[in-house]
Structure formats: C-alpha cells, structure tokens
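Enquirer: What shape does this take:
(chains A, B, C and D)
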There are 2 protein chains.
Amino acid sequence: MAKRAQVREPRRPPLVPPTKQQAILAAAHRVFVERGYGDTSMDAIANLAGVSKQTVYSHFNGKEALFSAIIKERCAQLLEFIPVEAATAAEPEETLRGLARRYLSLVLAPGNIEYFRVVIAECGRFPELAEAFYRAGPLQATNNLATLLAGMSRNGLLSVPDPEASARLFFGMLRGDLWMRRLLALGAEESNETVDRLVEQVVKTFLLAHCPTRSHIKLDGTRASVD
Amino acid sequence: MAKRAQVREPRRPPLVPPTKQQAILAAAHRVFVERGYGDTSMDAIANLAGVSKQTVYSHFNGKEALFSAIIKERCAQLLEFIPVEAATAAEPEETLRGLARRYLSLVLAPGNIEYFRVVIAECGRFPELAEAFYRAGPLQATNNLATLLAGMSRNGLLSVPDPEASARLFFGMLRGDLWMRRLLALGAEESNETVDRLVEQVVKTFLLAHCPTRSHIKLDGTRASVD
DNA sequence: GTCTATAAAAGGATAGAC
DNA sequence: GTCTATCCTTTTATAGAC
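Expert: Below is the predicted model of the structure:
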C-alpha cells in the first residue's frame, strides 16, 4: 500500500485536486449527454462546473470544440474497456458466454447508452466524431471477436468461414431488442435473469450455426438447404 | 369508381391541393429530422413551408406540439408498412427470407433512419413519443413474427418454444452492425449483395437454431451442451 | 487565469391589421 | 386564416478589471 502520513497530515486538498479544466470537462459531459447538444448552454456547463463562463471560453474555443473534446475523451476510455478475450484454446461455449456478458454490461450501461444517444443525435453535425466512436467501440469489439473466432476456427473448435461476419452477427444478436429499448429510454427494468436468458439463447444459437461437426452446412451466404 | 365530371372539368387546382397545414407538416418533418429538435427554429419551418410564422402558430400550439404531430403522423404510417406475413404453412425458409428482405429495406430506408435518430435524440424530452414509436414499429414487427413463428411451431415446421424471444433474436441479427452504422451515418454504400449475404446468413442461423429435427437442443435459456 | 458585465444575435411566441 | 412587425428571453461570445 502507499505509505501513510508520517506524523499528521497538515491539510489536504481533495484527493484528486480537480483542475478547472477537469471540472469543465466533467460538467460538459454530464450536461451534453443529459440534454443533448442543441439544448445545452455554455451557462449551464459553467454553472455545473462552478466556474464563470469566461473561464470555459479560456479553456475551449467554443461549444463545438468542447463537445468534440468530451466525445473524444470517452472514445479513448472505450478503447481500454472493450472486452478482449485471451485467445484461449479452451471451450468456446464458456469463452463466448463470458464475452457476451461483459459486452452486454458495457453497451447497456446507462452512461454508455446516453453517450451513444448523443453521438447518434449529432452525427450530422459531427460526422468525424461518429466515425471515431464507431472505430473505438463497435469496430474494435468486432475485430477482437473476429480474431478470437479465427483462432478457434484454425484449432478446429468451431467452423467460422467468415470471422468478421460472424462476429457482427454475434454482437447484433446480443444487442437486439434490448439495446433498442434502452436507446429509446423504455423500461430499463429488465431483470438480470432476462439478460442471462438472452445470453444463453445467443450463445447456443451461435454455436449451432458454427458447430464444426455440422460444417457441411455453409453459412457463407450461398444458398443451401438445412439438411 | 367515383363518378367522373359530367361535362368537362372547369379548372383544377394541383392534383393534391396542398393545404397550408400539410405544407407546414411536411416542412416540419424535413427540418426536424435533418437538424434535430434543438436546432430547428420555427422560422426555418415557416420559411420552408412558404408561410409566415404566425400561420404556423395558428395551426399548432407551439414547437413541441408540432414535433409531436409529425412523430405521431409517421407512427401511423409505420403501422401500415410493417411487414405482415400471411401465416403460410409453406416452407419456412422462403417465408423468412422474404420477411427479412422487407424488414431490412424498411429499417434501413434513409427516411426511417433519420426518423429513428430524432426519436432517440428526444426520448428524454418526449418519452411518450418514444414509446408510441416503439409500439407502432419494432414491437408490432416482433409481435407479427412471433405469431407467424407460433403457427409454424404448431404445424411442426419449426421448433419455437418462445416465439417472442426468437422473433427478437431474428430482427436483432438482421439489424446488427449494419443498422448501427446507418444510425451513425457511416457509409450507406453497402451493396445489395452485402445485404443479401446478411439475409442468407441470418435465415440459415435462425433455421439451424429452430430446426424441428434437432428440437432436443433446447434454446429456452437453460444451459444445454451442443451435442 | 478568473471574474463581472455586456454586446450582438437568434429564437419562441404574440399583437394587430387585413 | 394570413401576414408584417414586435416583444422578451435565452444564448454565444467578448471586454475589461483584478
């Protein structure tokens, strides 16, 4: 552990001395995601940050620059939190289940839902932010899973002719109706049990479609009958 | 048919005489979905509609009422256009393929993507509109497919223990990554071929998971190994 | 850097004539 | 119902003192 105070602490500032800049960024993040870009005023940000409006302008060039800053900040966070599964050679079922759970808890987290909402809402005004977000979040997750699936396919654990397409299918199934409902702010009251059932259904469906013992059924897009 | 003019038509106004009210609604729809609620001004709507601002206020109580009107209007349209498949007893594969194609063309249509975006953006300010949209669109589609699947399950064509869950899974797979990219306004340049491949992959995956000859594999959420 | 005060513009809503 | 002109609030952004 870190060493304790030697005699006695004279008087400490808050644990993480929040600079004005940090306070502004935090306040901006909250107001932007809660009320949207159009309805957020620089006054509201300054008030919540506990600084004057001019201080906000001395740190950021304007409303657009501030918005851009908070979006890119969260993009960097996403890059760290995207689930990366060790390319384990162990049982695919358990690996996918774990990955599914962590992915769902990530994309359904209220903070990330709000964040997604505002990026969608402003993708017309800030197309480069929408692209940055997609790369840092969904694309990153898809690529990670595709790599994992390709490894499993080489090991003969699964049959995955197109890892990226299969990865997109996996995450698409997981988000599904639940994610859309959250985007619309409709009933976040789903029980953990509901989420668990979804995970099981998705994992089972995915494994059935990529089971190596039934690899004679091609899922590469060409038409083929089921038996 | 309606009876024709008896002698000759004297002089007709445009085929559908656009009333001021219709012009306002059309203009409001366009501006709201293009620029979002917060950045839409009543001036912009009045100008695009070719009327004065006061005329707008004489037809609608204010900005919120106008927004509410155009959202509900589109909800009513959705209710008519949601694909309803005749509860055919024919081959499930072809039925699902057709349904998938029409569902995708509906949810990926640029007008509907814009519409979805603005409903998501304003779900905090207009929660009742988000709910109305969900009922008229996604929920309606899910219920229709669930009914269809339940019928197929009764006929022994498929094994669908939980029709609603399976319907949500089907549409979730279809939307997937493609729909998210469209919501973010990223590259609507996917070829028809890409969409067709997705449809095939989804239909095949869905059928594999609900194949009656493998109904011993339960997909109701309880854990079960694959073979 | 930080604050108070203010400029300059835009937007929602209304008044009153026709 | 429709228009022109106007009110009043909010908002972005800046000036100038400390």
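Enquirer: any idea how far the closest residue to A:P83 other than its chain neighbours is from chain B?
Expert: Of all residues not flanking A:P83 in the chain, A:R102 sits nearest, at 4.3 Å (CB to CB, 6 or more residues apart in numbering or on different chains). Glycine gets a C-beta too; all of them are placed from N, C-alpha and C. Counting by CB to the nearest CB, to the nearest Å, the gap from A:R102 to chain B is 18 Å.
Enquirer: Next, A:R102: secondary structure please.
Expert: With DSSP: H, G, I helix; E, B strand; the rest coil as the basis, A:R102 sits in helix.
Enquirer: What pLDDT does the model give it?
Expert: A:R102 carries a pLDDT value of 94.
Enquirer: Please tell me how far it sits from A:F81.
Expert: 9 Å (CB to CB, to the nearest Å).
Enquirer: swap in A:C123?
Expert: 22 Å.
Enquirer: Which one of those two is surrounded by more residues?
Expert: Set A:C123 next to A:F81 and count neighbours by other CB atoms under 10 Å in any protein chain shown: A:C123 wins out with 20 against 13.
Enquirer: which ones are touching the more buried one?
Expert: Shown in contact with A:C123 (CB atoms under 8 Å, 6 or more residues apart in numbering or on different chains): A:L129, A:A130, B:R117, B:L183, B:L184, B:A185.
Enquirer: if we go to 6 Å?
Expert: A:C123 is in contact with A:A130, B:L184, B:A185, counting by CB atoms under 6 Å, 6 or more residues apart in numbering or on different chains.
Enquirer: Just give me the closest of those residues to B:P163.
Expert: B:L184 (31.5 Å; CB to CB).
Enquirer: For A:V107, see how far away the closest residue to that closest one other than its chain neighbours is.
Expert: Closest residue to B:L184 apart from its sequence neighbours, by CB to CB, 6+ apart: A:A130 at 4.2 Å. Distance from A:A130 to A:V107, counting by CB to CB: 16 Å.
Enquirer: What is the neighbour count of A:L108?
Expert: 18.
Enquirer: State the helix or strand in which the closest residue to chain B within chain A lies.
Expert: Closest residue of chain A to chain B, CB to the nearest CB: A:G38 (2.0 Å). Under the criterion DSSP states H and E, no helix or strand holds A:G38.
Enquirer: Can you list phi and psi of it for me?
Expert: Note on A:G38: its backbone torsions stand at phi -60, psi -30 [degrees, to the nearest 10].
Enquirer: which strands and helices sit next to the helix or strand A:G98 falls within?
Expert: Assessed by DSSP H and E, A:G98 sits inside helix A:92-107. On a contact count with 3 or more CB pairs under 6 Å, 6 or more residues apart in numbering or on different chains; DSSP states H and E, helix A:92-107 meets helix A:163-183, helix A:192-209.
Enquirer: mind running it again at 8 Å?
Expert: On a contact count with 3 or more CB pairs under 8 Å, 6 or more residues apart in numbering or on different chains; DSSP states H and E, helix A:92-107 meets helix A:110-121, helix A:140-154, helix A:163-183, helix A:192-209.
Enquirer: Kindly calculate the angle that the last one makes with helix A:163-183.
Expert: Just to be clear, that refers to helix A:192-209. Put simply, helix A:192-209 runs at 160 degrees to helix A:163-183, going by axes from the mean of the first three to the mean of the last three CA atoms, to 10 degrees.
Enquirer: Repeat that for the second one.
Expert: Helix A:140-154 and helix A:163-183 are oriented at 140 degrees to each other (the same axes, to 10 degrees).
Enquirer: Can helix A:140-154 be said to contact chain B?
Expert: Yes - interface with chain B: helix A:140-154 contributes A:T142 (CB under 8 Å from any CB of the partner chain).
Enquirer: Show me how far that helix is from its chain's centre.
Expert: 18 Å (CA atoms, centre = their mean, to the nearest Å).
Enquirer: Output that helix in PDB with nothing but the alpha carbons.
Expert: Below are the C-alpha coordinates for helix A:140-154, written out as PDB (Å, rounded to 0.1, in the frame of the first residue of the first chain):
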ATOM      1  CA  GLN A 140     -12.900  -2.600 -32.100                       C
ATOM      2  CA  ALA A 141     -15.100  -5.100 -30.400                       C
ATOM      3  CA  THR A 142     -15.900  -6.800 -33.700                       C
ATOM      4  CA  ASN A 143     -12.300  -7.100 -34.700                       C
ATOM      5  CA  ASN A 144     -11.400  -8.600 -31.300                       C
ATOM      6  CA  LEU A 145     -14.000 -11.200 -31.500                       C
ATOM      7  CA  ALA A 146     -13.200 -11.900 -35.200                       C
ATOM      8  CA  THR A 147      -9.600 -12.600 -34.200                       C
ATOM      9  CA  LEU A 148     -10.700 -14.900 -31.500                       C
ATOM     10  CA  LEU A 149     -13.100 -16.800 -33.800                       C
ATOM     11  CA  ALA A 150     -10.400 -17.100 -36.400                       C
ATOM     12  CA  GLY A 151      -8.200 -18.800 -33.900                       C
ATOM     13  CA  MET A 152     -10.900 -21.200 -32.800                       C
ATOM     14  CA  SER A 153     -11.600 -22.000 -36.400                       C
ATOM     15  CA  ARG A 154      -7.900 -22.800 -37.000                       C
END
